[in-house]
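Colleague: Sequence below, structure please.
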Amino acid sequence: MPISAKIRMPLDIAMTVATLVLMGGNYFFESTAVHEILGVVLLVLWAVHITLNRRFFLSLFKGRYNVFRILQAVVNCGILLCAIFLMVSGIMLSNHVFSWLGIESGASFARNTHMLASHWYLIFVSLHIGLHLSLFIRGKVATGITFALAAYGIYAFIARGLWKYLTLQQPFFFLDLERGYLLFTLDYIAIMALFAVAMHLAMTAMVKYSR
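Modeller: Numbers count the residues shown, from 1 in each chain. Purely as a prediction, here's the structure:
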């Protein structure tokens, strides 16, 4: 088995964990430096991920497109676009890793951009997982747990007010500390499951009715 094939799954898991931790903003750590460093680590992991899957991006303007390929292109390009905005806004807001650049203007724009891009990034990553969900969940138990999480994800999406972040109706990120970090993580995992399952079901339906 090629080395690239061996590291794909650990890489995807590491990226998902990093994403969930970063979604907690600076609430998880006393120092904002940890958030910045982890953000850089995630970008490095994305660079590795894109390198491993470079054939997809190199073939974007080649061949014919079917429904699956269109969705894959939209979702993957959405992730890439969000990652670029996160990187630029993160550098502008940096107080540690990139503070040597001396960027002092545009903080308000960068803060809004960072919050908007981070939540859309979560949605696109979840949809990306949904495109390949059949590779991750196998068996009735795993399927049942995933669908149960997705059902709870509807409540979590509303309770956490994600739609407000996605439309910039919430001017700042808020983590309800009374609900705790564990429940926050569970809620966001459930939200990811919700969009992943929604994409999986949509793809299944399209394949079924296109025959």
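
Colleague: Output the lowest mean pLDDT helix or strand found in the chain.
Modeller: Among the helices and strands of the chain, helix 133-136 carries the lowest confidence by mean pLDDT, DSSP states H and E, at a mean of 80.

Colleague: Next secondary structure element downstream of it?
Modeller: If you walk from helix 133-136 toward the C-terminus, the next helix or strand you reach (DSSP states H and E) is helix 140-159.

Colleague: list the helices and strands the helix or strand following that following helix packs on?
Modeller: Helices and strands here follow DSSP H and E; after helix 140-159, the next one along the chain is helix 162-166. Identification of packing neighbours for helix 162-166 by 3 or more Cβ pairs under 8 Å, 6 or more residues apart in numbering; DSSP states H and E yields helix 107-131. Quick note: C-beta positions are derived from backbone N, CA and C, even for glycine.

Colleague: What residues sit buried inside the helix it packs on?
Modeller: Of the residues in helix 107-131, those scored as buried under the neighbour-count criterion (16 or more other Cβ atoms under 10 Å) are 110-111, 113-131.

Colleague: Excluding covalently adjacent residues, which one is nearest to Ala33?
Modeller: His96 (4.1 Å; Cβ to Cβ, 6 or more residues apart in numbering).

Colleague: Tell me how far that neighbour lies from Val207.
Modeller: His96 sits 47 Å away from Val207 when distances are taken as Cβ to Cβ, to the nearest Å.

Colleague: Show me the helices in this protein, by range?
Modeller: Secondary structure of the chain by DSSP state H: the helices cover 3-22, 32-52, 54-58, 67-93, 107-131, 133-136, 140-159, 162-166, 180-209.

Colleague: any idea which of those helices scores lowest on pLDDT?
Modeller: Of all the helices of the chain, the minimum mean pLDDT falls on helix 133-136 (a mean of 80).

Colleague: Show me how far that helix is from its chain's centre.
Modeller: Offset of helix 133-136 from its chain centre (Cα atoms, centre = their mean, to the nearest Å): 17 Å.

Colleague: Contacts for it next, please.
Modeller: Residues from elsewhere that reach helix 133-136 (Cβ atoms under 8 Å, 6 or more residues apart in numbering): Ile129, Thr146, Ala196, Val197, Met199, His200.

Colleague: contacting residues for the spatially most central residue of the chain?
Modeller: A centroid search over the chain (Cα atoms, centre = their mean) returns Leu122, at 3.0 Å, as the residue closest to the centre. Applying Cβ under 8 Å, 6+ apart, one finds that Leu122 lies in contact with Thr19, Met23, Tyr188, Ile191, Met192.
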